[in-house]
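**Q** sequence unavailable; structure follows:
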């Protein structure tokens, strides 16, 4: 299951980098090419949503089937393993949330940048008519 988390981490990092590059001021020349690349990558990145849902169900299943470690029923090593498992599950849940939020932000920012470009072109056409 580690490969899925690596793929999700790299996808979230790629989304974050694209959002940063799209919103960074002063990159107007690079932005046109980046918008085209981002628009083409939005559909493949949509596969992150079902992957996140699958991984979220996996976390839930592991949590529900995990043996409880209450009081004196566990040895210290079992208690430590239980705590490590809980921390990994929480970390993975944060990664899922980050990937989904970055996808949503990337989609929204790309849509807004395209809309701004269209409005700027419209303004230029109206100015050239006058």
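**A** Right, received. Where do you want to start? Note that the structure is predicted; figures quoted are calculated from it, not measured. Residues are numbered from 1 along each chain as shown.

**Q** next one: the top helix by length along the chain to chain centre, how far?
**A** What stands out as the longest helix in the chain, according to DSSP state H, is helix 76-129. On the basis of C-alpha atoms, centre = their mean, to the nearest Å, helix 76-129 is displaced by 5 Å from the centre of the chain it belongs to.

**Q** equivalent analysis for stretch 28-43, please.
**A** How far stretch 28-43 lies from its chain's middle: 17 Å, per C-alpha atoms, centre = their mean.

**Q** which one is the most centrally placed residue in the chain nearest to, not counting chain neighbours?
**A** By C-alpha atoms, centre = their mean, the chain has its centre lying nearest to residue 99, at 1.8 Å. Computed as C-beta to C-beta, 6 or more residues apart in numbering, the closest residue to residue 99 that is not its neighbour in sequence is residue 12, at 4.0 Å. The C-beta positions use only the backbone N, C-alpha and C, and glycine is treated the same way.

**Q** that neighbour contacts residue 97, doesn't it?
**A** No. Using C-beta atoms under 8 Å, residue 12 makes no contact with residue 97, being 9.6 Å away.

**Q** who has more neighbours, these two?
**A** Comparing residue 12 with residue 97 by other C-beta atoms under 10 Å, the one with more neighbours is residue 12, at 22 against 13.

**Q** now the more buried one: which helix or strand?
**A** Of the helices and strands defined by DSSP states H and E, residue 12 is found in helix 2-23.

**Q** what is the following helix or strand past that helix packed up against?
**A** Going down the chain from helix 2-23, the next helix or strand is helix 28-45, by DSSP H and E. Using 3 or more C-beta pairs under 8 Å, 6 or more residues apart in numbering; DSSP states H and E as the contact test, the elements touching helix 28-45 are helix 2-23, helix 76-129.

**Q** if I look at residue 98, what pLDDT would I see?
**A** If you check residue 98, the pLDDT there is 94.

**Q** what sits against the nearest residue to it once chain neighbours are set aside?
**A** With sequence-adjacent residues excluded and distances taken as C-beta to C-beta, 6+ apart, residue 98 is closest to residue 12, at 5.2 Å. With contact taken as C-beta atoms under 8 Å, 6 or more residues apart in numbering, residue 12 is in contact with 95, 98-99, 102.
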